[in-house]
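Undergrad: everything below, folded, please.
(one chain, ligands or ions: 1)
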Amino acid sequence: MVRVRFAPSPTGPLHIGGVRTALYNYLFARQNGGKMILRIEDTDQTRFVPGAEQYIIEALEWLGIQFDEGVHIGGPYGPYRQSDRKPMYRQYAEQLIRDGWAYYAFDRPEALEAKRKEYEAEKKTFQYDCNTRSGMENSLSLGMEEAQRRIDAGDPYVVRFKFPDNLDITVHDLIRGDVTMNSRLLDDKVLFKSDGMPTYHLANIVDDHTMEITHVIRGEEWLPSAPLHVMLYKAFGWEAPQFAHLPLLLKPEGNGKLSKRDGDRLGFPVFPLEWHDPKSGEISSGYREKGYLPQAVVNMLALLGWNPGTEQELMTMDELIKLFNIEHISKNGAKFNLDKAKWFQHEYFQQLSDEEVGAMLEAQAKEHGAAAEHDYCVKVAGMMKERITFPSELWDTCCYFFQAPTEYNEKDVAKRWTPDMHVHMQKVIDILNTEPFEHDAIHKALLDDYIAANELNTGKVMNSLRICVVGRTVGPDMITLILTIGKEETIRRIERAIEKLKVEN
Ligand code: GLU
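TA: Reported below is the predicted structural model:
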C-alpha cells in the first residue's frame, strides 16, 4: 500500500514549488491507489507563522489536491501536527543514545560561536563532526556519568547524531539513481533540542516510520539531508522509504531558484493564494486572486519538471493521475515560464461554459451599474470568450455590449473618419431602418449595394461604423455586433457619433 505525505512547515505562505511537491505526491498516491497525508512540521517554533497552516490547507483545497489523512481531517496515524506529537520523540532520541548512535552535547551557543571564529581566523570552517567532537563538551568527551550529572543538575543539552567515521552513505533516489556521500563531509546534526522538541530530522524520520510512509517525494533542497535520514533509519533498524528528490523551480532566466522577489520583479504570483503577512502587513499576490483557474495552475505545475513522454500539454487532474510517472521527472531544474502559465490559463478559460463566463460578466456589468440580463450576458460571453484569458478582462473587453461609448479613440478617428463620413453613417441608419434586421440582408445592403457599388473604401466605412458603436476599432464582426446590441441602440450610437465627431472635426 503506497502511503505518501506532504509535510510543509508553517513558516509562511506555500511557495508554488511546494505546491508542485504536493501535487506530485497526490498524483503518485492516486495512481497507485494509495493514501495521501498532510503532516505539519512545526518543530521549529521560532519560525512559526500564524495563519500559515490554514493557508496551506486552503490553497491545496482550491487546487483540488485532496488528502486521505491529515491535520485538518484526522486519521488513524494521528496526530498529524508535530507539536502535538511532542511527547513521543524523546524516547527515540534516548534509544539512539543507548545504542551508541547519538550523544548529549552541552556546548553553549557562545562556545560554538567562538569555535567558528577560531576556525575562520585560519580560513577553515568549523563543523561539529567525527573529527572535532572529542574536543567539545559532550557525553563522549566527558563520559556518560558526568553527562548524566549535568543533565540532573539541569544543564541545557541537545542530542546529536553520531556519524561513523569515513563511511560512504548511499541514498537511492528514484529520480537521480544512487547518490553517495562520505560521512566525513557530514556534521553531527542536532536531533533533539534543549527546549524538549525534536529537530526536523528526528521528527521527520520518526513520523515517516510510524505513519508507514512508503515514498518520500520532496524538493531537491532536502537531498543533502538524505544521507542523515538513511543513517537514522539504519540506526533505528527500520526499513527506509523510497526517496525521490524533485528538481528545483528556477527563475524564468534559468539561473537560481524561483523566489518571491522574481515574482514581484516580473509581475507574476509565486504563491497559490494571496497572502497577508501577519507581521509586516505586506501583501503577496496569489494565482487565485489574479483570476487563474485551479486546473490551469495544476496543469502548468505538473509540467514544470515532468512530462508524459509525449507532446501532450493539456491534461486534467484525472489524466495526470493516469499518466504521471516518477521516471519522467527531470533531474534538471525547471524554468518558470509566465507566457506558458498564461497560455494554460487561456486554454482552460475557453473550457468554461458560456453560462459560467456569462455569470462572471453579469456580476461585473452590475458592478459597473450596467443593466445586464442574464441571457444577454451568456450570449456576449459566448462571442467574446476566446479573447479572454483572465476574468478581470471581461468588462473592459465587453463593456460596449452594455454601454454606448462616451468618447472616441482619437487615433482611430484621425485614421478613419474622413469629412464625408457622416453621409455614409447616415446611410447605415437608413439601411437599418429599411432592411430586415438580419445578417445577410444588412450585409448585402451595406457592403455590396452601397460600399462596393459606390467604390467606397470598405475599411474606412466599416471602421468608422465601429467607432460609432464601440468607440474604437476593436470588437467582433460588425454586423453580428449590431444584431446583438439591437437596432435602436445602434442607430442612437451612430447619431450620437455623427453629432460629436462633426463638431470635433
Ligand atoms: N518540513 C519540510 C519542508 O518544509 C519537509 C521536508 C520533507 O518532505 O521531508 O519542506
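
Undergrad: what is the burial count for residue 472?
TA: For residue 472, the tally of surrounding residues (other C-beta atoms under 10 Å) stands at 17. (C-beta placed from N, C-alpha, C; glycine too.)

Undergrad: residue 414 too?
TA: Residue 414 has 9 nearby residues by other C-beta under 10 Å.

Undergrad: for the helix or strand encompassing it, name the packing helices and strands.
TA: Assigned by DSSP states H and E, residue 414 belongs to helix 410-416. Helix 410-416 sits against helix 458-470, with contacts defined as 3 or more C-beta pairs under 8 Å, 6 or more residues apart in numbering; DSSP states H and E.

Undergrad: list the buried residues in the helix it packs on.
TA: 460-470 (16 or more other C-beta atoms under 10 Å).

Undergrad: cool, and stretch 264-280?
TA: 268-275.

Undergrad: shouldn't residue 300 be in contact with residue 340?
TA: Yes. Contact criterion C-beta atoms under 8 Å: residue 300 and residue 340 qualify, at 6.5 Å.

Undergrad: which of these two has more neighbours?
TA: More neighbours surround residue 300 than the other of residue 300 and residue 340, with 23 against 15 (other C-beta under 10 Å).

Undergrad: quick one: contacts for the more buried one?
TA: 340-341, 344 (C-beta atoms under 8 Å, 6 or more residues apart in numbering).

Undergrad: closest to the ligand out of those?
TA: Comparing the contacts of residue 300 against the ligand with C-beta to the nearest ligand atom places residue 341 closest, at 23.1 Å.

Undergrad: secondary structure element holding that closest one?
TA: helix 338-350.

Undergrad: beyond that helix, next helix or strand please.
TA: Per DSSP H and E, the helix or strand that comes after helix 338-350 is helix 354-367.

Undergrad: now do that following helix: which elements does it pack against?
TA: Short answer (3+ C-beta pairs under 8 Å, 6+ apart): helix 354-367 packs on helix 374-384, helix 394-398.

Undergrad: around the ligand, pick out the residues from the stretch 151-300 of the chain.
TA: The stretch 151-300 of the chain comes close to the ligand at residues 200, 204, 216, 218, 222, as judged by C-beta under 6 Å from any ligand atom.

Undergrad: for the first one, grab the count of nearby residues.
TA: When counting by other C-beta under 10 Å, one arrives at 19 neighbours for residue 200.

Undergrad: correct me, but it touches residue 43?
TA: Yes. Contact criterion C-beta under 8 Å: residue 200 and residue 43 qualify, at 5.8 Å.

Undergrad: now the strands for this structure?
TA: Taking DSSP state E as the criterion, the chain contains strands spanning 3-6, 35-38, 69-70, 102-105, 158-161, 168-173, 177-182, 190-192, 215-219, 242-246, 249-250, 275-276, 283-284, 334-335.

Undergrad: quick one: name the residues of the stretch 401-505 of the chain near the ligand.
TA: Residues of the stretch 401-505 of the chain lying near the ligand (C-beta under 6 Å from any ligand atom): none found.

Undergrad: then the lowest-mean-pLDDT helix or strand in the chain to PDB, C-alphas only?
TA: Lowest by mean pLDDT, DSSP states H and E among the helices and strands of the chain is helix 260-266, with a mean of 85. C-alpha atoms of helix 260-266 as PDB (Å, rounded to 0.1, in the frame of the first residue of the first chain):
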ATOM      1  CA  LYS A 260       9.200  35.800  -4.200                       C
ATOM      2  CA  ARG A 261      11.300  38.700  -5.500                       C
ATOM      3  CA  ASP A 262      11.300  37.300  -9.000                       C
ATOM      4  CA  GLY A 263       7.500  37.300  -8.900                       C
ATOM      5  CA  ASP A 264       7.500  40.900  -7.700                       C
ATOM      6  CA  ARG A 265      10.000  41.900 -10.400                       C
ATOM      7  CA  LEU A 266       8.300  40.100 -13.300                       C
END
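
Undergrad: what packs against it?
TA: Other helices and strands packing on helix 260-266, by 3+ C-beta pairs under 8 Å, 6+ apart, are absent; none qualifies.

Undergrad: what does that helix rub up against?
TA: By C-beta under 8 Å, 6+ apart, helix 260-266 touches 15, 251-252, 269-271, 284-285, 336, 338.

Undergrad: would you mark the buried spots in the helix ranked longest in the chain?
TA: Identified as the longest helix of the chain according to DSSP state H is helix 487-504. Within helix 487-504, the residues that count as buried by 16+ other C-beta under 10 Å are 490-491, 493-494, 497-498, 500-501.
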